[in-house]
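Asks: Please find the sequence and the predicted model below.
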Amino acid sequence: MPPARAPINGATLRWAREVALVGKDELARAASINEHRVTEFENGDTRPTLKQLEAIAKKLDRTPAFFFTEPPAEPDVPEAVDFRSGNGEPPPSHLAREMRRAEQHRETVIDLEGTPPSPALVEPINRHNATARARELRGLLDLSESSTPPGNGDTQTLGFWRTLLERHGYLVFQTTRVQLGVFRGLSIHHDVLPIILLNGADSNNGKVFTLFHEVAHLANRTSGMCALDDDVNEEAVANMFAANFLMPDAQVSRLASTVSGTATERAEEIAKALKVSSLAAGVRLRTLDLITDEELESVRRDSDRRWAQARESQKKSPGGPPSWQIRYRNLGPGYVGTIAHALEDERVDLLDASHLLYARVPDVQRMIDEYYRTEALT
């Protein structure tokens, strides 16, 4: 008996594939079929088997039932201006999927918690007012110019800034399996609950800088995909804002007057005090004419060498964190907490939570337990 075939809508398949930025060749590999077969499915010349449909649906991050409907009128992957100065290639399909999921998470938060107040956001930023705008944002976040994150370690520092922004009206997520050369950060503008998406492959200090780089884009009411490249004007402005926010002039100048040694040693001391990377501190010192171009290049070489060593050490480490921990890190305590409280109040059940967290039921319980262990009482 021949396998049963699914009478899908070919136009819907084409819409879903193009929205997800998935090429026909990529989809064919996922479904273990020839590329021309994808064309036949989309043209309605033939129909996929149920097994093929399941593989297609998984690759395109849809339910099988979706392909029996008419294609939506508009894409459901948010648009973002490409501020990267690369070769103009589109982002990988995995990143498009994460952008779509981030939008779904935002809708979930609003459904479960109601529409929040507007975020702590300054007026538009340019080269002339970046310092003043950074100072204004510190005020909106109840930080003095000398405030630094509490605790030790770059993981705690990232957690502090992420939590602070989420408490002031932002949503922050991370993604995995995308190389840093593709993107460092991404912002999706909304009047309420704007989204920041960080590349999980970056260092924690790098992610902190990217956080406030993306805040600058959101202040300019722009959704953007970024590589933090100073050759692009909008990126240079966002970098200037992030540097001024994390390393205010007065703080850097005061610290610079108390440290000595090589440029690298001075940058490391300031980085330690302000909870930033040594490279960010070095760039800030150069901006304030406290070190030379040659000294900054020395700081950059040392930073690159240490980062390469750390990455090699990570690769050699056996195993890795379980999938639920990576999912928890990517979604963050803010979003996981929303689901945890909805479960506690019986507004959702475990199966709902499994769908909302994109995790198996046993992993849902682990994530909820982790939230209550680390966040609920802080």
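Replies: Received, thanks. Numbering: from 1, shown residues only.

Asks: and stretch 113-132, how far out from the chain's middle?
Replies: When C-alpha coordinates are averaged (C-alpha atoms, centre = their mean, to the nearest Å), stretch 113-132 and its chain have centres 19 Å apart.

Asks: Point out where the protein drops to low pLDDT.
Replies: For the chain, applying pLDDT under 70 flags the ranges 86-89, 314-317, 319, 376-378.

Asks: Quickly list the domain ranges of it.
Replies: 10-68, 323-374 (automatic domain parsing).

Asks: Quick one: closest of those domains to T258.
Replies: Nearest of the domains of the chain to T258, taken as C-beta to C-beta: domain 323-374 at 35.1 Å. All C-beta atoms are positioned from the backbone trio N, CA, C, and that covers glycine.

Asks: And that closest one, how far out from the chain middle?
Replies: 19 Å.

Asks: Correct me if wrong: G206 contacts V276.
Replies: No - in this structure, G206 sits apart from V276 without contact. The criterion is C-beta atoms under 8 Å, and the distance is 9.8 Å.

Asks: Now that we have the domains of the chain, can you turn them into JSON lines and tack on distance to F83 and mean neighbour count?
Replies: Conversion of the domains of the chain to JSON lines gives the following (distance: least, C-beta to C-beta, whole Å; neighbours: other C-beta atoms under 10 Å):
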{"stretch": "domain 10-68", "distance to F83": "18", "mean neighbour count": "17"}
{"stretch": "domain 323-374", "distance to F83": "23", "mean neighbour count": "17"}
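
Asks: nearest to P90, of those?
Replies: domain 10-68 (5.5 Å).

Asks: Is the nearest residue to D82 once chain neighbours are set aside in a helix, a strand, or coil?
Replies: With sequence-adjacent residues excluded and distances taken as C-beta to C-beta, 6 or more residues apart in numbering, D82 is closest to M225, at 5.1 Å. When the structure is split into helix, strand and coil by DSSP: H, G, I helix; E, B strand; the rest coil, M225 lands in strand.

Asks: Contact partners for M225?
Replies: A80, V81, D82, F83, R84, P91, F183, L186 (C-beta atoms under 8 Å, 6 or more residues apart in numbering).

Asks: what about the strands in this structure?
Replies: Using DSSP state E, the strands found in the chain span residues 81-82, 171-175, 185-188, 195-199, 224-226.

Asks: on that earlier part again, of G206 and V276, which one has the most company?
Replies: Summary of the neighbour comparison: G206 and V276, criterion other C-beta atoms under 10 Å, with V276 having more neighbours (26 against 23).

Asks: so how far is L198 from the closest residue in space to the more buried one that isn't next to it in sequence?
Replies: Beyond its immediate neighbours in the sequence, the residue positioned closest to V276 (C-beta to C-beta, 6+ apart) is L246, lying 5.4 Å away. When distance is defined by C-beta to C-beta, to the nearest Å, L246 is 15 Å away from L198.

Asks: do the same with L186
Replies: Taking C-beta to C-beta as the measure, L186 falls 8 Å from L198.

Asks: Which one of the two is surrounded by more residues?
Replies: The residue with more neighbours, out of L186 and L198 and counting by other C-beta under 10 Å, is L186; that gives 29 against 25.

Asks: Dig out what the closest residue to that one other than its chain neighbours forms beta bridges with.
Replies: What sits nearest to L186 in space, not counting adjacent residues and going by C-beta to C-beta, 6+ apart, is L197, at 4.2 Å. According to DSSP bridges, the partner residues bridging L197 are F173, L186.

Asks: so what's L197 up against?
Replies: Applying C-beta under 8 Å, 6+ apart to L197 gives the contacts E98, M99, A102, V172, F173, Q174, T175, G185, L186, S187, I188.

Asks: Check V348 too.
Replies: For V348, the contact set (C-beta under 8 Å, 6+ apart) comprises L112, I339, A342, L356.

Asks: Pull the number of nearby residues for the first one.
Replies: When you say that, I think you mean L112. Using other C-beta under 10 Å, the number of residues around L112 comes to 15.

Asks: ok, it touching L343?
Replies: No - using C-beta under 8 Å, L112 and L343 do not qualify as a contacting pair, with a distance of 10.3 Å.

Asks: Report the beta-bridge partner residues of the residue nearest to D82.
Replies: For M225, the beta-bridge assignment (DSSP bridges) gives partners D82, L186.

Asks: Just give the nearest non-adjacent residue to W307, would you?
Replies: Leaving aside its chain neighbours, W307 sits nearest to S203 (6.5 Å; criterion: C-beta to C-beta, 6+ apart).

Asks: burial of the one you found, as a residue count?
Replies: Each residue near S203 was counted by other C-beta under 10 Å, and the total is 18.

Asks: now R311
Replies: When neighbours are counted by other C-beta under 10 Å, R311 registers 12.

Asks: any idea how far L290 is from it?
Replies: R311 sits at a distance of 29 Å from L290 (criterion: C-beta to C-beta).

Asks: my read: F212 touches L246, true?
Replies: Yes - applying C-beta under 8 Å as the test, F212 and L246 come out as touching, 6.3 Å apart.

Asks: neighbour count winner among the two?
Replies: The neighbour count for F212 versus L246, taken as other C-beta under 10 Å, is higher for L246 (26 against 22).

Asks: For the more buried one, give me its contacts.
Replies: The neighbours of L246, taking C-beta under 8 Å, 6+ apart as the test, are V208, F209, F212, L274, V276, A280.

Asks: got the contact list for the first one?
Replies: Contacts were defined as C-beta under 8 Å, 6+ apart; by that measure V208 touches D154, T157, L158, W161, L246, K275, V276.

Asks: my guess is R184 meets E214, correct?
Replies: No - counting by C-beta under 8 Å, R184 does not reach E214; the two are 9.2 Å apart.

Asks: Now do the shared contacts for the two.
Replies: Counting by C-beta under 8 Å, 6+ apart, the residues touching both R184 and E214 are C226.

Asks: That's all I had, so thanks and see you.
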